[in-house]
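Participant: Pasting a predicted model and its sequence here:
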Amino acid sequence: MRFDFQNLFLFYWNEPVNKAIISFGSNIEPEKHVFKARKILTHDQLLLDESKFNKTLPRGYLNQPAFLNGAFFIQTALEIQELKQYLKSVENQLGRKRTSNKDGPRTIDLDIVLFNGHVVDLDYYKYDFVKVAVDEILSRQHR
């Protein structure tokens, strides 16, 4: 069987292209889990940029370790709802346990903050560490 590069090219050329900035946070073995999340994302999506990683103190529930936070800028053929499901599956792969304590410890938290240039998560306005990471990436895109 002969591989047809022209059909493959046309398939990928016609795929919709979306760009998203994904915020991340982890405070259970954070370096390990952020690295693994990045590895999975770069395997499945096109990583365009990433912010610096920043340590932040917990909010709400304070009896837990500091978080490692930042953001990834990706290009994807997934639409927003598909991307949300995909990120949830990445969280699950990395052992994310969802509890009633929304501010509790976690292996990884991945949220779409911007999708095709539009803010889709109000955490961008609510938390400085999200805004700083997203704005860092955006500042490099407009040079």
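Facilitator: Arrived safely.
Participant: Show me the shaky parts of the chain.
Facilitator: Applying pLDDT under 70 to the chain flags residues 1-15, 142-143.
Participant: Now for the residue nearest the centre of it: which residues touch it?
Facilitator: Residue closest to the average C-alpha location in the chain (CA atoms, centre = their mean): residue 22, at 2.9 Å. Contacts for residue 22 (CB atoms under 8 Å, 6 or more residues apart in numbering) come out as 41, 71-74, 87, 110-113. Quick note: C-beta positions are derived from backbone N, CA and C, even for glycine.
Participant: Check which helix or strand it maps to.
Facilitator: Here residue 22 sits within strand 18-26, counting by DSSP states H and E.
Participant: so residue 69 touches residue 34, yeah?
Facilitator: No: using CB atoms under 8 Å, residue 69 makes no contact with residue 34, being 9.0 Å away.
Participant: Quickly list what's touching both of those two.
Facilitator: With CB under 8 Å, 6+ apart, residue 69 and residue 34 have common neighbours 24, 53.
Participant: quick one, what contacts the residue nearest to residue 29 when sequence neighbours are not counted?
Facilitator: Among residues not flanking residue 29 along the chain, residue 107 sits closest, at 7.1 Å (CB to CB, 6 or more residues apart in numbering). Residue 107 sits next to 26, 28-29, 33, 91, 94-97 when contact means CB under 8 Å, 6+ apart.
Participant: Beta-bridge partners for residue 73, please?
Facilitator: For residue 73, the beta-bridge partners are residue 21, residue 49 (DSSP bridges).
Participant: ok, now which ones touch it?
Facilitator: For residue 73, the contact set (CB under 8 Å, 6+ apart) comprises 19-22, 47-50, 137, 141.
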